[in-house]
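**Q** give me a model of this one.
(one chain, ligands or ions: 2)
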Amino acid sequence: MVKKGKKVTVIGAGNVGATVAFICAMNGVCHHLVLRDRNIEIAKGKALDMSQAANAARSHTIVSVAEDASEIAGSDVVVITAGSPRLPGMSRDDLLMINAEITKEVVADVKKYAPDSIIIMVSNPLDVMTYVALKESGFPKERVVGMAGILDSARMAHFIYEKIGYGAGQIRASVMGGHGDDMVPLPKFSTVAGVPLTDILSEKEICEVVERTKHGGAEIVGYLKTGSAYYAPAKSTAIMVEAILKDTKQIHPCAVYLDGHYGYSDVVSGVPVALGANGVEKLFEMTLNDDQKERFAKSVGSVKSMIDVLKEKKFFD
Ligand SMILES: NC(=O)c1ccc[n+]([C@@H]2O[C@H](COP(=O)([O-])OP(=O)(O)OC[C@H]3O[C@@H](n4cnc5c(N)ncnc54)[C@H](O)[C@@H]3O)[C@@H](O)[C@H]2O)c1
Ligand SMILES: O=C(O)C[C@H](O)C(=O)O
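**A** Numbers count the residues shown, from 1 in each chain. Ligands and ions are numbered 1, 2, ... in the order given. Now for the predicted structure:
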């Protein structure tokens, strides 16, 4: 029997979604890439443009538009970036209600037409939207995973590079917890070409890197004014798509459902996981010191309080 080619659907063909699709199409990560957006004309224009780019790149990826939700059927991976981005002065949490409703709507289509897919959630507030996608899809927790940790770690690595001026591409930074102002950068788990960060930068420099990482998204919103970052978010998402489709089993920080892990239940937060053909194949529990535990608890607490807001509003009924 001939094995079918891989199909990826991106719901939300805006800045992040279109860039994820473009990276996947250029790299030939899948056979078929489907764009779906409530603005069908824009999605059609972008799909046509990307199809032509794919030809220029000699990529085998076909890019098309799902005018009807049924056309997402057979997707191996569905990336959800549908939703509003924040504007200057807003926090990601301000997007809670508007994006929860959009997520609920698009996840209903995924559940109906692509029930065997793996969902990669991107819309903000990321951890809560991942929780919404999990609850509304009814998928097993291994098949719903949120993108944030790869992005936050990449940002931290870049800020470390800016301090050192050497080692670009050799910096391994580590961030766990939610994708919000309480995220947990972990300098003690970060290295430059294998050398502990704590041996390279002073305590003051490390504090500056940590603070800048926590507000890395807002820094870009401040420059762009009309929306938020998309190149690094899209590349980070494409890394996850590729790990799943190629069954690499590589370990990345991702937002996943905690079911007793790290002492928390019924909440989503960012932790290291192995990604493969089955989605989240293994969750790693790191040994944290008291300071790290305290910061992680605060981060989990703020995600939980947003989930509680949705529960109080009977959003999940
Ligand atoms: N997890 C992360 O690290 C991360 C990083 C960057 C952006 N984001 C989030 O991703 C989301 C998208 O950001 P963006 O910059 O691409 O925004 P954008 O406005 O450029 O694109 C959003 C797209 O979603 C579409 N859309 C809205 N409602 C829809 C629906 N019901 N069905 C189908 N399509 C719908 C819009 O038409 C638009 O094309 C935002 O919520 C943003 O905060 C998250
Ligand atoms: O900052 C945002 O609102 C978008 C995204 O979460 C990011 O970190 O770039």
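**Q** show me which residues of this structure sit near ligand 2.
**A** P85, R86, R92, N124, H179, G217, A218, I220, V221, S228, A229, P233 (C-beta under 6 Å from any ligand atom). To be clear about C-beta, it is placed using only N, CA and C from the backbone, and glycine gets the same treatment.
**Q** backbone dihedrals for the fifth one, please?
**A** For H179, the backbone dihedrals are phi -90, psi 70 (criterion: degrees, to the nearest 10).
**Q** ditto for the second one
**A** R86 adopts backbone torsions of phi -80, psi 160, taken as degrees, to the nearest 10.
**Q** tell me who's in contact with it.
**A** R92, D94, L95, N124, V221, G227, S228 (C-beta atoms under 8 Å, 6 or more residues apart in numbering).
**Q** quick check: it vs A277, distance?
**A** 34 Å (C-beta to C-beta, to the nearest Å).
**Q** give the next helix or strand downstream of the helix or strand hosting T237.
**A** Element membership for T237, per DSSP states H and E: helix 231-245. Proceeding C-terminally, helix 231-245 gives way to strand 250-259 as the next helix or strand, assigned by DSSP H and E.
**Q** would you mark the buried spots in that following strand?
**A** Within strand 250-259, the residues that count as buried by 16 or more other C-beta atoms under 10 Å are H252, P253, C254, A255, V256, Y257, L258.
**Q** pairing partners for the second one in the sheet, please.
**A** Read that as P253. P272 (DSSP bridges).
**Q** what do you get for the last one?
**A** Under DSSP bridges, the beta-bridge partners of L258 are V267.
**Q** correct me if wrong: it contacts S265.
**A** Yes - proximity of L258 to S265 meets the contact threshold set by C-beta atoms under 8 Å, at 6.3 Å.
**Q** before we move on, back to that, near ligand 1, from the residues of the chain next to ligand 2?
**A** P85, R86, N124, H179, S228, A229, P233.
**Q** for whatever residue of the stretch 201-317 of the chain ends up closest to ligand 1, grab the count of nearby residues.
**A** Among all residues of the stretch 201-317 of the chain, P233 sits closest to ligand 1, at 3.3 Å; criterion: C-beta to the nearest ligand atom. When neighbours are counted by other C-beta atoms under 10 Å, P233 registers 25.
**Q** check contacts around it.
**A** Taking C-beta under 8 Å, 6+ apart as the criterion, P233 is in contact with V16, T19, V122, M147, L151.
**Q** quick check: closest non-adjacent residue to the last one.
**A** Closest residue in space to L151, ignoring its immediate chain neighbours: S236 at 4.2 Å, by C-beta to C-beta, 6 or more residues apart in numbering.
**Q** and the pLDDT at that neighbour?
**A** Per-residue confidence (pLDDT) for S236: 98.
**Q** how deep is it tucked in, by neighbour count?
**A** 24.
**Q** near ligand 1, which residues of the stretch 151-300 of the chain? Just list them.
**A** So the stretch 151-300 of the chain meets ligand 1 at L151, H179, G227, S228, A229, Y230, P233 (C-beta under 6 Å from any ligand atom).
**Q** now the first one: how far from E242?
**A** Right, L151. 15 Å.
**Q** who has more neighbours out of those two?
**A** L151 (24 against 19).
**Q** find the centremost residue of the protein, please.
**A** Geometric centre of the chain, nearest residue: M147, 1.4 Å, by C-alpha atoms, centre = their mean.
**Q** and that residue, what is it in contact with?
**A** Shown in contact with M147 (C-beta under 8 Å, 6+ apart): I120, M121, V122, L126, P233, S236, T237, M240, C254, A255.
**Q** state the distance from the fifth one to I23.
**A** To I23, P233 is 11 Å away according to C-beta to C-beta.
**Q** cool, the last one as well?
**A** Using C-beta to C-beta, we find A255 at a distance of 20 Å from I23.
**Q** isn't V209 up against L186?
**A** No - at 11.3 Å, V209 does not count as touching L186 under the criterion of C-beta under 8 Å.
**Q** so for stretch 10-19, mean pLDDT?
**A** pLDDT averaged over stretch 10-19 gives 98.
**Q** ok, and what's touching that stretch?
**A** Applying C-beta under 8 Å, 6+ apart, the set of residues contacting stretch 10-19 from outside is 20-21, 33-37, 39, 42-43, 46-47, 50, 72, 78-83, 85, 106, 109-110, 122-123, 227-228, 230-231, 233-235, 237.
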